[in-house]
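Undergrad: Quick one, fold the following:
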Amino acid sequence: RLKRAGARNVQVRPPVDAALDDLVEKLDRVVIDAPCTGSGTWRRRPDAKWKLTPAQLAERLAEQAAILDTGARYVKPGGTLVYITCSVLDAENAAQAEAFL
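TA: As a prediction, the model looks like this:
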């Protein structure tokens, strides 16, 4: 996917905090493809909508907030933090971004 996108100078590392310490405030762009409820797939899988509980949503929102906080550490001043979900829920998108900001 990186090659198809024409990306250069890309490092993919395991998600272990210690493995990334040398990158704190050094990256031009950090892309966070956050785990989400998958509400964007409900059209193809309508049964999934009825399986999501308020507790599961709350857990996912907390996880997303923690990932955003961690990912932001690596963006250099003037860099870009990209936050992606496959969710259509405001709580996981706009509200999450507003809370982060």
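Undergrad: and after the lowest-mean-pLDDT helix or strand in the chain, which helix or strand comes next?
TA: Least confident helix or strand, the chain: helix 2-5 with a mean of 89, by mean pLDDT, DSSP states H and E. The helix or strand immediately downstream of helix 2-5 is strand 27-33, counting by DSSP states H and E.
Undergrad: Tell me where the chain is predicted with low confidence.
TA: Along the chain, segments meeting pLDDT under 70 span 15-17.
Undergrad: and R45, what is it in contact with?
TA: G38 (CB atoms under 8 Å, 6 or more residues apart in numbering). For the C-beta atoms, the positions are set from N, CA and C on the backbone; glycine is no exception.
Undergrad: My error: substitute N93 in the last question.
TA: N93 touches T85, S87, counting by CB under 8 Å, 6+ apart.
Undergrad: 10 Å instead?
TA: Shown in contact with N93 (CB atoms under 10 Å, 6 or more residues apart in numbering): A34, C36, S39, G40, Q64, Y83, I84, T85, S87.
Undergrad: how far away is A66 from K49?
TA: To K49, A66 is 25 Å away according to CB to CB, to the nearest Å.
Undergrad: between the two, who's got more neighbours?
TA: K49 (13 against 10; other CB atoms under 10 Å).
Undergrad: For the closest residue to that one other than its chain neighbours, grab the count of nearby residues.
TA: Spatial nearest neighbour of K49, excluding adjacent residues (CB to CB, 6 or more residues apart in numbering): W42 at 4.8 Å. Neighbour count for W42, taken as other CB under 10 Å: 16.
Undergrad: now W42: how far from A91?
TA: As judged by CB to CB, W42 and A91 stand 15 Å apart.
Undergrad: swap in T53?
TA: 14 Å.
Undergrad: Name the residue in the two with the higher neighbour count.
TA: A91 (17 against 9).
Undergrad: which one is that one nearest to, not counting chain neighbours?
TA: L61 (6.1 Å).
Undergrad: show me the contacts for the one you found.
TA: C36, T37, L89, A91, E92, A95, Q96, A99.
Undergrad: what do you get if the cut-off is 8 Å, keeping everything else the same?
TA: When contacts are taken as CB under 8 Å, 6+ apart, L61 is in contact with A91, E92, Q96.
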